[in-house]
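S.K.: Next input, structure requested:
(chains A and B)
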Amino acid sequence: MTQSKIDWPAALRAADSGAQAAAVEALRELLQNGLRIALNGRGDVSEAHLEDFAQESLLRVLARLDQFQGRSQFTTWAQAIALNVAFTELRRKRWQDVSLDALLADGERMMEPAMMADDVLGAEEDRTRLVVALRQAIENDLTPKQRAAILGELREMPFDQIVELLGTSRSAGYKMLHDARRALKQRLHEAGVTGADIRNAFN
Amino acid sequence: MKKKDQLLTREQVGGIVKMLGLTTDREFDCRECLQHVSEFAEAQLAQSPANHVLAKVEQHLALCPECAEEFVALMKILQAAQ
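M.R.: A predicted model of the protein is given here:
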């Protein structure tokens, strides 16, 4: 039987402990093979890392088995979880030395006019108006943590790292960022910047 | 005088503007995206049209570089298995 034809949830819950153990091992191997393909060519991932990621992913998948609703293949669902586990850990290692103070201080600098270099403005009047309005909105409408979170994102800091530094949960962190984006968008709208201006300004 | 790397680049300011252009009142967060991304990936592979749930996944992927990175990796695995 091919792996795609296996009823994975049933196999992983099998009453026969031998059959269940075999399914668990097959899934661990499948996840590890998938991770090997996805992370191929990265200098920061060894075979030992792949084994660790696969094992951690396997535990995560088994813990969430009841959440699988059959809208995709089970293996695709499980691989998505495995990739989330692996990339989260890789990002955490890359950014582990950044401090909360540095992130907040960086965010505060977003308020300074010089933070956006003049060459960002360009010659077009629309873009100049947009960037000026954006600077004002960042200064007036965002909290220090919102500024820090947005700047962290722009600097490609992983979202998990941002929320960890800010001492919040992933869901609360996303809401904080979403609220910040909505506030900025609303302020630009009030300043007469249209959706078309936004879409065209940096094309 | 500020160091060059302390300034927001044209691309980064453009990034803020792009984020604002994509912002809607109701969005998927990363957890909701992960719940549906496998379905979205299979639909992409089959070139099926996106329903309203998968459209929210697509919108989240446009806003979230981490989830987008994981989606690209998932597509790589699915394409290798074809």
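S.K.: who's in contact with the most centrally placed residue in chain A?
M.R.: Centroid-nearest residue in chain A, with C-alpha atoms, centre = their mean: A:Phe159, separated by 4.9 Å. With contact set as C-beta atoms under 8 Å, 6 or more residues apart in numbering or on different chains, A:Phe159 has these partners: A:Glu153, A:Arg170, A:Gly173, A:Tyr174, B:Cys30, B:Cys64, B:Glu66. All C-beta atoms are positioned from the backbone trio N, CA, C, and that covers glycine.
S.K.: How about residues contacting the helix or strand harbouring B:Phe71?
M.R.: Per DSSP states H and E, B:Phe71 falls inside helix B:65-81. Helix B:65-81 is contacted from outside by A:34, A:37-39, A:76, A:79-80, A:83-84, A:87, A:91, A:153, A:156, A:158-160, B:30, B:33-34, B:37-38, B:40-42, B:44-45, B:60-62, using C-beta under 8 Å, 6+ apart.
S.K.: picking up where we left off before, among the contacts of A:Phe159, which one has the lowest pLDDT?
M.R.: Ranked by pLDDT, the contacts of A:Phe159 bottom out at A:Glu153, which has 77.
S.K.: how about the helix or strand that that residue is a member of: buried residues?
M.R.: For A:Glu153, the element it lies in under DSSP H and E is helix A:144-154. Using 16 or more other C-beta atoms under 10 Å in any protein chain shown as the test for burial, helix A:144-154 gives A:Lys145, A:Gln146, A:Arg147, A:Ala148, A:Ala149, A:Ile150, A:Leu151, A:Gly152, A:Glu153, A:Leu154.
S.K.: likewise stretch B:11-27?
M.R.: B:12-23, B:27.
S.K.: Can it be said to contact chain A?
M.R.: Yes - Stretch B:11-27 lies within reach of chain A by C-beta under 8 Å from any C-beta of the partner chain, at B:12-21, B:23, B:25, B:27.
S.K.: and the closest residue to A:Phe87 other than its chain neighbours, how far is that from A:Glu164?
M.R.: Closest residue to A:Phe87 apart from its sequence neighbours, by C-beta to C-beta, 6 or more residues apart in numbering or on different chains: B:Glu70 at 5.4 Å. Applying C-beta to C-beta, to the nearest Å, the value for B:Glu70 to A:Glu164 is 18 Å.
S.K.: Which one's more surrounded, the two?
M.R.: Neighbours per residue (other C-beta atoms under 10 Å in any protein chain shown) separate B:Glu70 from A:Glu164, with B:Glu70 holding more: 27 against 18.
S.K.: and the residue in chain B that chain A sits nearest to, backbone torsions?
M.R.: For chain B and chain A, the shortest gap (C-beta to the nearest C-beta) falls at B:Gly14, measuring 3.4 Å. Per-residue torsions, B:Gly14: phi -60, psi -30 (degrees, to the nearest 10).
S.K.: likewise the one 10 residues further on?
M.R.: With angles defined as degrees, to the nearest 10, B:Thr24 sits at phi -130, psi 170.
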